[in-house]
Structure formats: C-alpha cells, structure tokens
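Visitor: Task: produce atomic coordinates for the following.
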Amino acid sequence: MMKMCNEKAITIFNRRIPFSTETEILFAALVVYLTCAVFSSGFYYPDEHFQILEFAKWKMGEATPMSMAWEHDSMIRPSLQPVITMMIIRPCQWLGMQNPFHQVMLLRILTSLVMLYCMQVFVKAAGRWVNPLHRNGLLVATLFFWLMPMISARFSSETLGVACLLLLLARLLKKGQPSHREAMWMGIVAALGFEFRYQMAFALVGVLAWILAVGRYRWRIWWVAALSFLGVIVLCTALDYWFYGEFVIAPYNYYYMNIVKHVAAAYGVSPWYTYFLQLGVIPSLALGVPILLSVCIGTFKHYRNPVVWAFWAFLLIHSAISHKEPRYLFPLMPLLPLFLVWAYEAVLDKKNQKVGFAVIGLLVIINIGGLIHVTFKPADHGRADMMQYLCKRAYEKKHLRVKSNYGSNPFHTGVLISQFYLWQSVDVEECDFESNEEEGNFDVIVLQRKDSTDRKRLLAEGYHEVYRSMPDWQNVLNNFYQTYDSDRVLIAYEKK
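Guide: Down below sits the predicted model:
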C-alpha cells in the first residue's frame, strides 16, 4: 500500500512539470539560455574579462600592456582560453563583425550551448541514480535552476571547467569499466578542465579517490587515462610557450604566486566555513537552506556516488584556502539539483506528501523569480551596457566626451582599463565631480545610483537622465536575489 501511494505521488510530481518530454525541456531551456546569453553582457568578475579577453587582444596586437593584469607578467594563467578567444574573434573580424560587444555575445552564446550539452549528458547519466519517474524532473531542475543560465552564459574559466567536469562525471556514473576509448576521453576531458581552471584539480582529487575506493578501474584504464591527461598538459604547455614567448609552467607559477607568496590572500581572507554559508546564500536564503539540507541527505544516502566524492573534495579543499570568492562555488551549482532530487526521494512518504508538494511549489515560485531576474539582466550592475551605450553615442557624434567621478567610469575596473571595449572616439575623464571644469564641456556625464547629491544637482542645472545600466524593475528583484550592488548602477545624463 505504501509503495502504491509513493508511486502515485511521484507520478503526480512528474506530471506537474510543464514539459513532458526531453525534447520539449531542452527546447525551452535553449530559448532561456540563448536569451540570457544575449542580455548577459559584460562580466561578473574582472578575471573573466581581463585574463581572457584582454589577454587575447594583447596577443592579437590590439592592446597595450596598460590593460594587462599582474597575472600576465607573472605568467600564471593558462593560455588555452585566450587562444580559443582569438580563434573565434579573428574570423569574426574577417567576416566584418568588428563590434566587440557582438563578438563577446557570440562567445556567450557558444558557451551556453556547450553547457546545455554537458548538463544534458550529465543528467542522462545521473538518471540511473534516481527514480525513473523523476528523470525529467531532474533535467528540469538542473537546466532551470535560476543560477544556471547566468553561469552558463559566462565565457569564464569556471564555466568551461565545470563543463569538462560534467562530462567526466557522466562517464563515472555509468556502470562497469570504461573502454580504452572512454578512458582516453576521460583523461582528455579531465586535462582540459584543469587547463581551463586549475582549481578543478580539487574535484579531480575526489574523482581519483572514488576510482580507487569504489570504481576500482583496471590498471590498463588508469594508464590510458593518465597518458591522455599528460598528452593534453604537454600540448597546453607548448601553447603557453607560444603565447608568452618563453617556456613557462603556468600551473606551478599559479601555485607559487598564490599559495607560497600569498598574493591571493592580499585580496582578502575568510574563515574556513565561509563556503558552507555561501552555499546557503548564493541561491537566495529561501532556496539555500533546502539545498544545504539536501546536500547532507544526498551525501548520507548516496555516499558511494562519484558526484558526492567530487563535490566534497572540491568544497573541502577550497575551504582550506584562505582567499575565497563566491564565484569559486560556481562549478558546484549544476550538481545541486541532483542532491535536491535525492533528498525529495528520501523524505517523500505517505505522511508528508502534501507538505512535500507545498515545499516544491514554493521553491518553484522562488526559482522562477530568479530565472526572470538573471535571464533579462546584464552581468553584475550593467557596466558593459553603459559602455555599449557610450560607444553607440560616440558613433553617432563621431566623438564623445564623457565625464565620470571616481568609481563610475564603466571602462575602468580598479586600475585596469577595458581596452577590449573602449573605442578611440570615446574620451572619458575620470575626476572629482567637484572639479572646476564646467560640465557643459562634456557630452555625457556618468554617475552611480548612490551619488544622489550630484545627481540632484545635475537635474537642477538642466540635465536629464538618458540611460541606466540596469532598469528599475531589476533593482526590485535584486532586493531578494542579491546578484549585484544596486548602488553601483550607472546613470548617464545629458544637457537638455
């Protein structure tokens, strides 16, 4: 009787999903992800831009050392992703696509498509670890988890690194020993994930431990995977030699600068438990608490699953490093829906079906709000959208003089200049807003939302608002989902 009741409840849960087939789910996800890729201009963290796009622009001879982060001179970053950027941007330029904003949009679209494919492959393999009636539910939960379109649209090391991890985990989730060809691809994918982002080695530690303790692959499989892994590392080292112009072992340099010399710690340190708190905060507290509980339940129920081993190895080793950033957890986000489904299966019984459905309904509503929020917003507080607006005005006027106070220049991030986007016809003067130079000498003045006093003075002097880097309705949603600092939203003014 209990079994029949549970099967009925599971069937109802599965039918409540608005898509009934994998094709329909994937098509709906494709629409959402492509839309997000179009709107999600710019970058969430400087590394995503300055250590990929600016590196590529420098190698193409189109940028000066002024735009290079310190990592360039230290030669600690892998060249694989900048080289891929060059391989995409050069043909775009040959075909007449000169607008850098359109070029980066193409990168985001391609990255979103890669992530969609990798997540679909991962979910298909993970399906054997959940109730067959929940497999479509797992696919929906993974693809439509509100953070995933945003993360997938990022042409960043975290995104491409986790794409490789998902493909690797997909093979580990299958039954039986891998073939020699599969072992070769496992080694290649693992090495590419490492070369995209060195910290993916933390997850690989968990993978190796699982293979030794649980998977127990034959030694011949080990050798094939290891040789494939080393082959990719050798090729990427040769690529680094060509990129930097001298022989360099970039992974060692990265370790030496950030761990031995503690350069990363200079950007801030956090206690060991920070990531455990952030797992509950990044998806929003209302979703984060159930996620934390689900991780605990899923780990207890499926401790022999390779996803659990990779997840905890990645999280624990990262937690032992003093410098922490929320983006370092991005590679774990596509794994969380699997834990949620495991927890749902573990707690669903005859006595709490109604409570379970009520909780699911509440989580779905919260998730839909986040999905709307990230699908139609630019990255961070909309810096790139303001850059694009100013470049468009410069194209119309042939030359544009822009005044901004310190912190509101969209082309500046700290001490670095976004030369990738900056047009020669845009002249930005960043200075104290109280300087004696008349505002009338400038075509556009850019301020931050928090500069309320200066904004009121401009309005009193006859200026009017012409553009915002983030619409007001996004600021309302941001009060709940907290994906950016709304005080840093940029506002452009022109004289009436």
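Visitor: Report the separation between H373 and A286.
Guide: H373 is 14 Å from A286, where distance means CB to CB, to the nearest Å. C-beta: built from backbone N, CA, C; applies to glycine.
Visitor: which of the two has more neighbours?
Guide: Neighbour count, other CB atoms under 10 Å: between H373 and A286, H373 has more, with 20 against 16.
Visitor: Against F145, how distant is that one?
Guide: 13 Å.
Visitor: any idea of the mean pLDDT in stretch 231-246?
Guide: Averaged across stretch 231-246, pLDDT comes to 96.
Visitor: which regions of the stretch 351-496 of the chain lie under the pLDDT threshold?
Guide: Low-confidence segments of the stretch 351-496 of the chain, defined by pLDDT under 70: 351-352, 433-440.
Visitor: any chance you could map the strands in it?
Guide: Ranges of strands within the stretch 351-496 of the chain are 400-404, 412-413, 416-417, 426-430, 444-448, 463-468, 490-495, based on DSSP state E, counting those that start in this stretch.
Visitor: Check which helices and strands whatever helix or strand W222 lives in is in contact with.
Guide: W222 is part of helix 219-244 when elements are defined by DSSP states H and E. Packed against helix 219-244, as judged by 3 or more CB pairs under 8 Å, 6 or more residues apart in numbering; DSSP states H and E, are the following elements: helix 80-94, helix 180-196.
Visitor: Report the buried residues of the first one.
Guide: Read that as helix 80-94. 80-86, 89, 92 (16 or more other CB atoms under 10 Å).
Visitor: Then stretch 193-212?
Guide: Residues 193-204, 206-211 are the ones in stretch 193-212 that count as buried (16+ other CB under 10 Å).
Visitor: coming back round to it: possible to save the helices and strands packed on helix 219-244 as TSV with mean pLDDT and distance to G245?
Guide: Output for those, formatted as TSV (pLDDT from 0 to 100; distance: least, CB to CB, whole Å):
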stretch	mean pLDDT	distance to G245
helix 80-94	96	14
helix 180-196	96	19
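Visitor: Compare those helices and give me the one nearest S404.
Guide: Across these, S404 has its closest neighbour in helix 80-94 (27.8 Å, CB to CB).
Visitor: quick one, the next helix or strand after that closest one and helix 80-94 angle?
Guide: Once the chain leaves helix 80-94, the next helix or strand it forms, by DSSP H and E, is helix 100-126. Relative orientation of helix 100-126 versus helix 80-94 (axes from the mean of the first three to the mean of the last three CA atoms, to 10 degrees): 130 degrees.
Visitor: tilt between helix 100-126 and helix 180-196?
Guide: Angle of helix 100-126 versus helix 180-196, following the same axes, to 10 degrees, is 140 degrees.
Visitor: packing partners for helix 100-126?
Guide: helix 22-39, helix 80-94, helix 135-144, helix 147-152, helix 157-172, helix 383-397.
Visitor: Which one, of the ones you listed, ends up nearest to L113?
Guide: Nearest to L113, of all those, is helix 22-39, at 7.7 Å by CB to CB.
Visitor: So which of the buried residues of stretch 193-212 sit within helices?
Guide: 193-196, 200-204, 206-210 (DSSP state H).
Visitor: if I look at A492, how far off is V426?
Guide: Distance from A492 to V426, by CB to CB: 12 Å.
Visitor: joint contacts of these two?
Guide: Residues touching both A492 and V426 (CB atoms under 8 Å, 6 or more residues apart in numbering) are L390.
Visitor: hmm, back to that, now distance to Q353 too, for the buried residues of helix 80-94, in JSON lines please.
Guide: Formatted as JSON lines, the buried residues of helix 80-94 follow (distance: CB to CB, whole Å):
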{"residue": "L80", "distance to Q353": "49"}
{"residue": "Q81", "distance to Q353": "47"}
{"residue": "P82", "distance to Q353": "52"}
{"residue": "V83", "distance to Q353": "53"}
{"residue": "I84", "distance to Q353": "49"}
{"residue": "T85", "distance to Q353": "50"}
{"residue": "M86", "distance to Q353": "55"}
{"residue": "I89", "distance to Q353": "54"}
{"residue": "C92", "distance to Q353": "53"}
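Visitor: Show me how the record splits the chain into domains.
Guide: Per automatic domain parsing, the structural domains of the chain span 2-251+350-375, 383-495.
Visitor: So which of these is nearest S270?
Guide: Using CB to CB, the domains of the chain put domain 2-251+350-375 closest to S270, at 15.6 Å.
Visitor: ok, back up a step: the helices and strands packed on helix 100-126: which one's closest to N478?
Guide: Comparing the helices and strands packed on helix 100-126 against N478 with CB to CB, the closest turns out to be helix 147-152 (12.8 Å).
Visitor: same for the closest one, what does it pack against?
Guide: Applying 3+ CB pairs under 8 Å, 6+ apart, one finds that helix 147-152 contacts helix 22-39, helix 100-126, helix 157-172, helix 353-375.
Visitor: tell me the secondary structure for G176?
Guide: Assigned by DSSP: H, G, I helix; E, B strand; the rest coil, the conformation of G176 is coil.
Visitor: number of nearby residues for it?
Guide: Per other CB under 10 Å, the neighbour tally for G176 reads 8.
Visitor: And W473, by the same measure?
Guide: The local packing of W473 (other CB under 10 Å) involves 12 other residues.
Visitor: Repeat that for the one 10 residues further on.
Guide: Around T483 sit 22 other residues, with neighbours defined as other CB under 10 Å.
Visitor: Surely it and T375 touch.
Guide: No: counting by CB atoms under 8 Å, T483 sits too far from T375 to count as a contact (11.8 Å).
Visitor: hmm, back to that, winner for burial among the helices and strands packed on helix 147-152?
Guide: Of all those, helix 157-172 has the most neighbours on average by mean count of other CB atoms under 10 Å, namely a mean of 24.
Visitor: What residue, apart from its backbone neighbours, is nearest A141 spatially?
Guide: Leaving aside its chain neighbours, A141 sits nearest to P337 (3.8 Å; criterion: CB to CB, 6 or more residues apart in numbering).
Visitor: list the contacts for the closest residue to Q81 other than its chain neighbours?
Guide: In space, and not counting its chain neighbours, Q81 is closest to I52: 5.2 Å by CB to CB, 6+ apart. Residues in contact with I52 (CB under 8 Å, 6+ apart) are 81-82, 85, 155-157.
Visitor: out of these, which one sits closest to N258?
Guide: Distances from N258 to these, taken as CB to CB, are shortest for S157 (14.0 Å).
Visitor: separation between the closest one and F39?
Guide: From S157 across to F39, the span is 22 Å (CB to CB).
Visitor: show me where pLDDT drops low in the stretch 1-150 of the chain?
Guide: For the stretch 1-150 of the chain, the stretches flagged by pLDDT under 70 are 1-20, 66-67.
Visitor: S322 contacts A265, correct?
Guide: Yes: between S322 and A265 there is a contact under CB under 8 Å: 5.2 Å.
Visitor: What score does the residue most central in space within the chain have for pLDDT?
Guide: Geometric centre of the chain, nearest residue: I151, 3.2 Å, by CA atoms, centre = their mean. We have a pLDDT of 97 for I151.
Visitor: what number of residues lie near the closest residue to it other than its chain neighbours?
Guide: Closest residue to I151 in three dimensions, ignoring its sequence neighbours and counting by CB to CB, 6+ apart: F330, at 5.2 Å. Residues lying near F330 (other CB under 10 Å) number 25.
Visitor: Let me know the distance separating F330 from W272.
Guide: Distance of F330 to W272, computed by CB to CB: 19 Å.
Visitor: just A286 next, same as before
Guide: Remark: distance between A286 and W272 (CB to CB) = 25 Å.
Visitor: same check, this time on L26
Guide: Using CB to CB, one obtains 39 Å as the distance from L26 to W272.
Visitor: Since that was my last question, I'll sign off now.
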